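The following comprises the amino acid sequence and a computationally predicted model.
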Amino acid sequence: MADYQWYPGHMTKAVRMMQENIGLVDLVIEIVDSRIPVSSRNPDIDRLRGSKSGILIMNRQDQADPVMTDRFRSFYENKGLLVVSMDARSRRSVSQVRGVIDQASRAKREKDLKRGIRNRPVRAMVCGIPNVGKSTFINSLVGRASAKTGNKPGVTKGKQWISLGASIQLLDTPGILWPKFEDRMTGVRLALCGSIREEILDEEELAMELLRAILDDYQDLFLERYQSAEAPFTADELAGRDEVSLAHLLERIASARNFIARGQVPDRKRAAHMLIDDFQSGRIGRITLDRME
Ligand SMILES: Nc1nc2c(ncn2[C@@H]2O[C@H](COP(=O)(O)OP(=O)(O)O)[C@@H](O)[C@H]2O)c(=O)[nH]1
Ligand SMILES: [Mg+2]
């Protein structure tokens, strides 16, 4: 993998931001990308969250394989998280979250009551790595009825809170977390889902990894989109997972689309770009890259 020099500085700032804000909230809402529910989780979030309640939003549900989404949901529920899978662009889907926030804050409300405190709003912070849908989520959740409230007593100056009715307050800027770089494949998946810059790997290399995953687990979707009637792929062409076979497949896709590069050769780069773009915009179908057997 190419260098990721940007990473340490970015991380330090993010850690500071999270640590500064975590003390202000009762509840942490972490958003992940359902296409990569493991790779898009921040490695340190559970530690930062401490004993506070956690809600895990599996966003981009509309783009992910529903079977995998269910498996990952159970997996995280068994770890004690409240899990909601959703499409943050849909208001209806977002309204579900309010109920879950209520559920997550029950313990806190009971504790307040014992101390004679009534109706203190629950404060929540939304966080997640880039491009998982944090801003979309906040916008949908807050909707038009939102009101920015000023600094409340006891709250660090300069923090803006958004009231969701009388009982919930959201920190108005999402916490941007750092992704984990456990291994090369985590980086590949993060790049494919747009959470880290693609330049971290060459686009053709990324496309070949995407092809590997799709050929293994979603071959029907692949054929439906890229098989041409005039020159169908052979069983051999679909079987290879080595670089030469995958490069050849990219060329076949390029030829079928008339992507021709200088020298009258199939334009592999353009096919790679298209493949990644098709994946990111959901045109190939519902695909989950992280696996859970
Ligand atoms: N298909 C789909 N797109 C989404 C979803 N949530 C967000 N998006 C889109 O993903 C892009 C990035 O979302 P954004 O909220 O800016 O992500 P952030 O970087 O985490 O704040 C935007 O174009 C959103 O419209 C979702 O659940 N499904
Ligand atoms: Mg954002």
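Structure received. All values derive from a computational prediction rather than experimental measurement. Ligands and ions are numbered 1, 2, ... in the order given.

Can you name the residues in contact with the one helix or strand Ile276 maps to?
Assessed by DSSP states H and E, Ile276 sits inside helix 268-280. Helix 268-280 is contacted from outside by 192-194, 198, 203-204, 206-208, 210-211, 225, 247, 250-251, 253-254, 257, 259, 261, 284, 287, using Cβ atoms under 8 Å, 6 or more residues apart in numbering. For the C-beta atoms, the positions are set from N, CA and C on the backbone; glycine is no exception.

And for stretch 183-203?
1-2, 4, 33, 35-36, 39-40, 129-132, 179-181, 206, 209-210, 269, 272-273, 276, 279-280, 289-290.

ok, whichever residue of the chain sits closest to ligand 2 - how many residues close by?
Nearest to ligand 2, among the residues of the chain, is Ser135, at 3.3 Å (Cβ to the ion). Neighbours of Ser135 under the rule other Cβ atoms under 10 Å: 13.

thought it was touching Pro174?
Yes - between Ser135 and Pro174 there is a contact at 6.6 Å, judged by Cβ atoms under 8 Å.

beta partners of the closest residue to Ser105 other than its chain neighbours?
In space, and not counting its chain neighbours, Ser105 is closest to Val122: 4.0 Å by Cβ to Cβ, 6 or more residues apart in numbering. On the basis of DSSP bridges, Val122 is bridged to Ile168.

separation between Cys127 and Gly133?
12 Å (Cβ to Cβ, to the nearest Å).

Same drill for these two, tell me which one is more crowded.
Between Cys127 and Gly133, counted using other Cβ under 10 Å, Cys127 has the larger neighbour count: 26 against 23.

what's the helix or strand containing the more buried one in contact with?
In the assignment (DSSP H and E), Cys127 maps to strand 122-128. Contacting residues not belonging to strand 122-128 are listed as 18, 21-22, 24-32, 40, 42, 45, 57, 101, 105, 108-109, 134, 137-138, 161, 167-171, 174-177 [Cβ under 8 Å, 6+ apart].

Any of these buried? List them.
Among the contacts of strand 122-128, those classed as buried by neighbour count (16 or more other Cβ atoms under 10 Å) are 18, 21-22, 24-32, 40, 42, 45, 57, 101, 105, 108-109, 134, 137-138, 161, 168-171, 174-177.
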